[in-house]
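S.K.: requesting a structural model of the entry that follows:
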Amino acid sequence: MENANYEPYVAEIDKLIRRVSFVIKCRGRDILNEFDITTPQFNALLLLAEHGDMTIGELGNKMYLASSTATDLIDRMERNGLVCRKRDAQDRRVVRLHMLDKGHQMIKEVLENRKRYLSNILKQLADDEIEALKKSLQSLYELMKPEMKRD
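M.R.: The predicted structure follows:
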């Protein structure tokens, strides 16, 4: 949109993104409640699935949590059979978090439920609207991605 006058749209787009984000966040919490897992626990599982085994400190940094908060989170996840602590093979002083089968299954089922929810919403749109939405969201994400400092 070179030299395009996009200013009149900024406030409305911001409001729409916040509204959509709020609805998705609320529905996401409802889905997690069905599986008896909290949002931070699910986010921790997603990070472990994406990055593999890591220390509590590494996980805490990626989630922007204090060490004690991360430890409490992992303690609950370990009690629920989602993760376990394992000694590092190269350095026995290091303890890594390892996701158990129940954790992998939890991710699979939650994501399937979320996809089912979104599918029911999207089927109300025309194919070209879905494609345009996907392209626009991808473009917006690519522009915003450098702003993220997680990894």
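S.K.: residue contacts, the residue nearest the centre of the chain?
M.R.: With distances taken as CA atoms, centre = their mean, the chain has Asn43 as the residue nearest its mean C-alpha position (5.1 Å). Listed by CB atoms under 8 Å, 6 or more residues apart in numbering, the contact partners of Asn43 are Met63. C-beta here means a position set from N, CA and C on the backbone, and glycine is covered the same way.
S.K.: what helices or strands is the helix or strand hosting Gln105 leaning on?
M.R.: Counting by DSSP states H and E, the element that carries Gln105 is helix 101-122. Contacts defined by 3 or more CB pairs under 8 Å, 6 or more residues apart in numbering; DSSP states H and E place helix 101-122 against helix 7-34, helix 39-51.
S.K.: centre of the chain to it, how far?
M.R.: Between the centre of helix 101-122 and the centre of its chain there are 12 Å (CA atoms, centre = their mean, to the nearest Å).
S.K.: just stretch 130-149 next, same as before
M.R.: For stretch 130-149, the distance to the chain centre is 16 Å (CA atoms, centre = their mean).
S.K.: need the pLDDT of the closest residue to Gly81 other than its chain neighbours.
M.R.: Leaving aside its chain neighbours, Gly81 sits nearest to Lys102 (4.7 Å; criterion: CB to CB, 6 or more residues apart in numbering). Lys102 carries a pLDDT score of 97 in this model.
S.K.: where does the chain have low pLDDT?
M.R.: 1-4, 148-151 (pLDDT under 70).
S.K.: buried residues, the helix holding Gln105. List them.
M.R.: Judged by neighbour count using 16 or more other CB atoms under 10 Å, the buried positions of helix 101-122 are Gly103, Met106, Ile107, Val110, Asn113.
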